[in-house]
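Q: Need a 3D model of the following:
(one chain, ligands or ions: 1)
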Amino acid sequence: MKEQLNKIRERALTELNELQNIEELENFRVQVLGKKGELTAILKQMGTLSAEERPQMGQLANEVRQSIEELLAQRKAALKAVEQEMKLKMETVDVTLPGKTSDIGHKHPLSIVLDEVKDIFIGMGFQIATGPEVEWDYYNFEALNLPPDHPARDTQDTFYITEKMLLRTQTSPVQIRVMEKQSAPIRIIAPGRVYRSDAVDATHSPYFHQIEGLVVDEGITMGDLKGNLMQFAKRLYGDQTQLRFRPHHFPFTEPSCEVDVTCFKCGGKGCPMCKGEGWVEILGGGMVHPKVLKNGGVDPEKYSGYAFGIGLERLTMFRFNIDDMRLLFENDMRFLGQF
Ligand code: DAH
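A: Got it, this is the predicted structure:
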């Protein structure tokens, strides 16, 4: 029996050092020290020993168990240290690796220019107004002095929801809505999307954007319109910019004008951008027609006003030298990423 015990101890000494992980270690422990283990099997034979031998063997068995347990503990600690080290190595972060970047979006060119326009007008004391894109015929046409049979309606065909309800063709209906809601003085711009049944090409789209302007107060004249627009054009395109006012006709203004700016590409000399003219048209405007003031609930005897409508796509195309309007609506990141 003594021999068996010593053998176990020796075997443990050599074998334990060869165990490579905690699992193998545990298996070994069960195999040797467990309830059905080798050491236990030997101890079960104690009954066959004489009374003198028994305590001696008992002591030896305890010593063997103790030393094996110590060895196990040592080996376990060593294996754990190795495992820990491996884990640390695997989790090492290489701070010199290039980082993962996520793409950050930015403003659409139309929004860039619109925000500039808003800033300029807010700086001149204007407020921002809005109106619905699905509009009544009354606000889009009738109240703006365009009765049902007016020929100018032909140039602004649109998508009708019912006989009396349509997708607005212009931002001008916001003029009436603001006048109805708010009495004079008024000083607003109303940017927004408008719709027309136009076929898509380089300068047309079934939807585009306008920026409406309306100023109503006592004693407003064409001089206010010219001064404010001049200020606006210089702020947007630079101090050297000049404006040209050409007589025109709109049903809702009297007198009416179209306004050109000196071509910012050639400075007025003439180039392909301005088709050799030196000027490019950016807006229509004029003095608000007395009938329109009345339709908005404003007394034309007491108040006068000016109004204008700017095409945001044109402003943006001139600003960034874009020659095809379709680029603004196709959402091609190769294009949009350039701004
Ligand atoms: N609504 C006009 C259009 O779409 C533009 C316009 C012209 C607006 C003159 C105005 C204005 O407010 O006074 O063609």
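
Q: who in the stretch 51-200 of the chain is up against the ligand?
A: Selection of the stretch 51-200 of the chain residues close to the ligand by Cβ under 6 Å from any ligand atom yields 170, 172. C-beta: built from backbone N, CA, C; applies to glycine.

Q: thought Gln242 was touching Cys263?
A: No - in terms of Cβ atoms under 8 Å, Gln242 does not count as a neighbour of Cys263; the distance is 10.2 Å.

Q: which of those two has more neighbours?
A: Cys263 (23 against 15; other Cβ atoms under 10 Å).

Q: Not including adjacent chain positions, what is the nearest residue to the more buried one?
A: Sequence neighbours aside, Cys274 is the residue nearest to Cys263 in space, at 3.7 Å (criterion: Cβ to Cβ, 6 or more residues apart in numbering).

Q: try Lys265
A: Taking Cβ to Cβ, 6+ apart as the measure, Lys265 lies nearest to Met273, with 4.2 Å between them; neighbours along the chain are not counted.

Q: you'd agree that neighbour is in a helix?
A: No - the assignment for Met273 by DSSP: H, G, I helix; E, B strand; the rest coil gives coil, which leaves it out of any helix.

Q: List the contacts of it.
A: Taking Cβ atoms under 8 Å, 6 or more residues apart in numbering as the definition of contact, the neighbours of Met273 are 263, 265-266, 280, 318, 321.

Q: okay, the one helix or strand Leu236 maps to in CSV with CA atoms only?
A: Following DSSP states H and E, one finds Leu236 within helix 222-237. Output in CSV follows, covering the C-alpha atoms of helix 222-237 (Å, rounded to 0.1, in the frame of the first residue of the first chain):
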residue,chain,number,x,y,z
MET,A,222,-40.5,101.2,-55.9
GLY,A,223,-37.4,102.9,-54.3
ASP,A,224,-37.7,100.5,-51.3
LEU,A,225,-37.9,97.5,-53.6
LYS,A,226,-34.8,98.7,-55.5
GLY,A,227,-32.8,99.5,-52.4
ASN,A,228,-33.6,96.2,-50.6
LEU,A,229,-33.0,94.1,-53.7
MET,A,230,-29.7,95.9,-54.4
GLN,A,231,-28.6,95.2,-50.8
PHE,A,232,-29.6,91.6,-51.2
ALA,A,233,-27.8,91.1,-54.5
LYS,A,234,-24.6,92.7,-53.2
ARG,A,235,-24.6,90.6,-50.1
LEU,A,236,-25.2,87.4,-52.1
TYR,A,237,-22.9,87.9,-55.1
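
Q: Could you list the buried residues of that helix?
A: 224-226, 228-229, 232-237 (16 or more other Cβ atoms under 10 Å).

Q: Distance check, Thr101 against Lys269.
A: The spacing between Thr101 and Lys269, counted by Cβ to Cβ, to the nearest Å, is 44 Å.

Q: Name the residue in those two with the higher neighbour count.
A: Neighbour comparison, Thr101 and Lys269: the larger count goes to Lys269, with 11 against 6 (by other Cβ under 10 Å).

Q: you'd agree that one is in a strand?
A: No - counting by three-state DSSP, Lys269 is not part of a strand but coil.
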